[in-house]
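> Next come a sequence and a model predicted from it.
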Protein chains: 2
Amino acid sequence: MKVAKFGGSSLADGPQLKRVFEIVSADPQRQIIVVSAPGKRQEDDIKVTDLLIEYAQAVITDRDYRDIVQQIKNRYHEIGEYFELNEIDLADIDQQIDHLAQKHYRSFDYLFAAFCAHGEYLNAQLIAKAFTHQGLPARFVDPRTLGFLVDDNPRNATLLEDSYQAMAEFELAVGERLIVPGFFGYTKNGDMATFSRGGSDITGAIMARAFQADLYENFTDVSAIYAANPKLVDHPQAIAQMTYDEMRELSYAGFAVFHDEAIIPAIQGQIPINIKNTNRPNDPGTMILPRQAIQNTRPVTGIANSNRFAAIYLHRYLLNKDFTRQILEILSQYGLSYEHMPSGIDDLTIILDKSLTNQEQIDHVLAAIQEQVQPDELRWIPNYGIIMIVGEGMRNRVGAMTDIVTPLKEAGISLQMVNQGASEISIMLGIQPELAAEAVQAIYHNLFQ
Amino acid sequence: MKVAKFGGSSLADGPQLKRVFEIVSADPQRQIIVVSAPGKRQEDDIKVTDLLIEYAQAVITDRDYRDIVQQIKNRYHEIGEYFELNEIDLADIDQQIDHLAQKHYRSFDYLFAAFCAHGEYLNAQLIAKAFTHQGLPARFVDPRTLGFLVDDNPRNATLLEDSYQAMAEFELAVGERLIVPGFFGYTKNGDMATFSRGGSDITGAIMARAFQADLYENFTDVSAIYAANPKLVDHPQAIAQMTYDEMRELSYAGFAVFHDEAIIPAIQGQIPINIKNTNRPNDPGTMILPRQAIQNTRPVTGIANSNRFAAIYLHRYLLNKDFTRQILEILSQYGLSYEHMPSGIDDLTIILDKSLTNQEQIDHVLAAIQEQVQPDELRWIPNYGIIMIVGEGMRNRVGAMTDIVTPLKEAGISLQMVNQGASEISIMLGIQPELAAEAVQAIYHNLFQ
């Protein structure tokens, strides 16, 4: 049995969904289909999830939302009409969209979560009907029915471990097709709570583990994962195979094709992952496998870079006498989670994920650090460029670092930060964001050409 | 006015103290003399501080300490007799040594602190008498008289900032010579509490700041600070000048000639430090100065290495969701302070100073981490080799890293850890301890020859 997950661009409109239908029909093993919300139909389009966010904002701020509601309805209508669904089915979707604004929510965060989750929730209902109407019986399954429970973080939820036991009791009939909305689960209180953005990959991986799938197919809009960002490097090599840990490091540092948290359930269940292209389903794609399943002779598998980081830098003499703990207390107090914290004797850099912070939090934290720790210097770095060089082949390899820093020296690029050794399979560099593209190119050309 | 501090080897016996006497006599500006306890007279000798530790241990465990007490007395007698001090003076020292075992102490830690502090305390008394007897009037000053107060950490104390105000009120007469014991101060409760080992350097720096000295002379047994450990590198270059920050990084990472915490008061008071050789007092030694006072064109100033570190390594998927804070709480709970904490996505290495931990603490901490965090892997690394490459010339310099890692690649040495960027003037490497000597040599030869 296979779990197949389809991303937003694969479900953006009727013709795209038709391709998905054909992929699912072609293989009776594809029994559990996890779906995203409809994505962009062309470059300047708006994703349904973003429309739902606008809708939520309008409700919270008491603005007129009729226009935005209509846009959302139109997206589902367009797909439904392509598959010639009947009026009643579409009216049911419309009603649920309208009803969103009437319901009571525990907090604004839960309101946001419920609005966003409906992108997937409604799409899965619609797709089940469309497939059935096309002659492929498919059953919509609400995560609630599966026992898919998450913790009380409405917009950055984590699956409760007990859910696996509950899901194991769900009976999947022979040949049956389930359509499961990705991205969200339910709290014990019954509220919808979403994973972080792009979290349908996580749902797919959880389903694959829960149902002990033979393969987790992750359908997207590229034919493979490439060794570097194709926007920066001309025709980078496709990666045929890599390990779970390599994928996790690369996706964390900017390879957006697969959500970094989605690897964990696959590792726990030892489920192979196949990244495939909806538009070229016969391309082999990229296989993500346990380490022992891979014959690896490459020194480096991929080079990722990301602009999603910021940093707090501080200098204080005798910093390590308990101040670091105080600083972490402050971060915790304001709910600011950090990513890395390289330290010198008297210096500390706290690297943050910008998408998980806001300016108000930062201001509070900086003020609290200033008051409590009285640093000699305290600096906010709003953009902190990160490059991550990843490869199982780097374990204990002599010269791994040389091959990375020599091309940078030749290109005249200085390093702001180097972090190697916490992870044995990656080296993390801090580079001025405006030099990151050039740095990736220099490293790629030295390692892959 | 100058503060001159003399280390244990400069005060090990009568002839050595005679040289110190000549140095002090030669310059009327040398008014405040900070002294250590008598050190080793030859390679296989025992320092008085170590004898005092044995004495303390015997008292705590109720063992016979008559022999060890006699050894301690002999050391002071030997010096006193060389300067032909009278019986009464020496009997006074003896009495204080005997009395140590009779006194009441707040805890074993305070007992240890008081015993250790007496190495300096008695030596300063003896030296004041010897100098006076030689015709150079000198006054012993107890730190208590100065208002030299420290916090309640009996064996790793920190000066209370208020002490500077108190000391500023102390009147130093024109031409007067004070002999001040290094290494300890008094808590507000009146108990002796010591700095960490080697802390007489700290006392010297505090005195230099408190009395706004023109120069802090630190007399030891080498003619300069060298760019690398002379035990590892053949005739390394002497460093004529370096900045405070360079010295601090180098001494932290193994340059034992000067205590790393002793730089802070010098920085705060902007007091130049001169490291000099008691046995060759006319050699210029090494000057440690504010950055603006130095014309620097070197890429690297020095290469230090240290064996005093150990590490805890752990791997856990989704580590950064609050687990790091939990781990720091555990460390704090068991009083274990850490030095650095390089992190990957799911990996964390906690680097510790072995001299500040004990096996029992480590066992507790490992057990607590295992239980609370449930890592996928948890490993204790009892020896973690650190090499630190330091130089103001590395700020934003392109290729700094290449010049360091290329010789290691050529020598076939792989890196366990690289930490650059938290401090702008240093790069820290983790190397298997058995390869550290070879690594220092390779880097030194590439950078200095």
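Received it, and whenever you're ready, just let me know what you need. What you see is a predicted model, and the numbers here were worked out from it, not measured in a lab.

> thought A:K276 was touching A:Y216?
No: between A:K276 and A:Y216 there is no contact under CB atoms under 8 Å: 10.7 Å. All C-beta atoms are positioned from the backbone trio N, CA, C, and that covers glycine.

> So which of the two has more stuff around it?
A:Y216 (28 against 25; other CB atoms under 10 Å in any protein chain shown).

> what pLDDT does that one get?
pLDDT, A:Y216: 98.

> where are the low-confidence patches of the stretch 101-250 of chain A?
The model of the stretch 101-250 of chain A has no residue with pLDDT under 70.

> do the same with the stretch 251-400 of chain A
Checking the stretch 251-400 of chain A against pLDDT under 70 turns up A:296, A:320-321.

> Next to chain B, which bits of it? Give me the list.
Residues of the stretch 251-400 of chain A lying close to chain B (CB under 8 Å from any CB of the partner chain) are A:252, A:260-261, A:264, A:267, A:317-318, A:320-322, A:324-325, A:328-329, A:331-332, A:337-349, A:396-400.

> In helices, which of these fall?
Among these, the members falling in helices (DSSP state H) are A:252, A:264, A:267, A:324-325, A:328-329, A:331-332, A:400.

> Ranking by neighbours, what's the top pick from those?
That'd be A:Y252 among those, by other CB under 10 Å, with 26 neighbours.

> what's near enough to touch that residue?
A:260, A:304, A:388, B:345 (CB atoms under 8 Å, 6 or more residues apart in numbering or on different chains).

> contacting residues for A:K18?
Applying CB under 8 Å, 6+ apart, the residues contacting A:K18 are A:Y82.

> Show me what counts as buried in the helix or strand containing it.
Using DSSP states H and E, A:K18 sits in helix A:14-26. Residues of helix A:14-26 classed as buried by neighbour count (16 or more other CB atoms under 10 Å in any protein chain shown): A:16-17, A:19-21, A:23-24.

> again with stretch A:221-237
A:221-229, A:232-233, A:236-237.

> Of these, which is the nearest to chain B?
The nearest member of the buried residues of stretch A:221-237 to chain B, counting by CB to the nearest CB, is A:I225 at 17.2 Å.

> ok now do that closest one, which residues does it touch?
A:238-239, A:242, A:247, A:250, A:255, A:257-258, A:275, A:286, A:302 are the contacts of A:I225 under CB under 8 Å, 6+ apart.

> One more: A:D234?
For A:D234, the contact set (CB under 8 Å, 6+ apart) is empty.

> got a list of what the closest residue to A:L435 other than its chain neighbours touches?
Nearest residue to A:L435 in three dimensions, chain neighbours excluded: A:I413, at 5.3 Å (CB to CB, 6 or more residues apart in numbering or on different chains). Shown in contact with A:I413 (CB under 8 Å, 6+ apart): A:431, A:435, A:438-439, A:442, B:398.

> likewise A:A157?
Per CB under 8 Å, 6+ apart, neighbours of A:A157: A:113, A:150-151, A:184-185, A:187, A:193-195.

> Of these, which is the nearest to chain B?
Nearest to chain B among those, counting by CB to the nearest CB, is A:D151 at 10.3 Å.

> contacts for stretch A:314-323?
Contacts of stretch A:314-323 (CB under 8 Å, 6+ apart): A:327, A:343, A:345-348, A:350, A:369, A:373-379, B:158, B:261, B:264, B:267, B:332, B:337-339.

> Any chance of the ones in helices among the residues of the stretch 251-400 of chain A next to chain B in a markdown table with distance to B:R144 as columns?
A markdown table is the format used below for these (distance: CB to CB, whole Å):
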| residue | distance to B:R144 |
| --- | --- |
| A:Y252 | 56 |
| A:I264 | 60 |
| A:I267 | 62 |
| A:T324 | 33 |
| A:R325 | 32 |
| A:L328 | 38 |
| A:E329 | 36 |
| A:L331 | 41 |
| A:S332 | 41 |
| A:A400 | 56 |
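
> Mind picking the two most distant members of those residues?
Farthest pair in those (CB to CB) is A:E329 and A:A400. Separation: 36.2 Å.

> Now do the helices in the stretch 101-250 of chain A.
Applying DSSP state H, counting those that start in this stretch to the stretch 101-250 of chain A gives helices spanning A:108-133, A:143-146, A:163-168, A:200-210, A:244-252.

> Figure out how far the last one is from the centre of its chain.
When you say that, I think you mean helix A:244-252. Counting by CA atoms, centre = their mean, to the nearest Å, helix A:244-252 is centred 12 Å from the centre of its parent chain.

> same thing with stretch A:356-371?
Using CA atoms, centre = their mean, the offset of stretch A:356-371 from its chain centre is 26 Å.

> By neighbour count, which of the contacts of A:I225 wins?
A:G302 (30 neighbours).

> about what we covered before: I'd guess the residue nearest to A:L435 is in a strand, am I close?
No: A:I413: not assigned to a strand; according to DSSP: H, G, I helix; E, B strand; the rest coil it is coil.

> Pull out the buried residues from the helix or strand hosting A:Q71.
If you go by DSSP H and E, A:Q71 is part of helix A:66-82. Within helix A:66-82, the residues that count as buried by 16+ other CB under 10 Å are A:68-69, A:72-73, A:75-77, A:79-80.

> will you turn these into JSON lines that also has pLDDT and distance to A:A91?
Below are the buried residues of helix A:66-82 laid out as JSON lines (pLDDT from 0 to 100; distance: CB to CB, whole Å):
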{"residue": "A:I68", "pLDDT": "97", "distance to A:A91": "19"}
{"residue": "A:V69", "pLDDT": "98", "distance to A:A91": "14"}
{"residue": "A:I72", "pLDDT": "98", "distance to A:A91": "14"}
{"residue": "A:K73", "pLDDT": "98", "distance to A:A91": "10"}
{"residue": "A:R75", "pLDDT": "98", "distance to A:A91": "15"}
{"residue": "A:Y76", "pLDDT": "98", "distance to A:A91": "11"}
{"residue": "A:H77", "pLDDT": "97", "distance to A:A91": "10"}
{"residue": "A:I79", "pLDDT": "97", "distance to A:A91": "15"}
{"residue": "A:G80", "pLDDT": "97", "distance to A:A91": "10"}
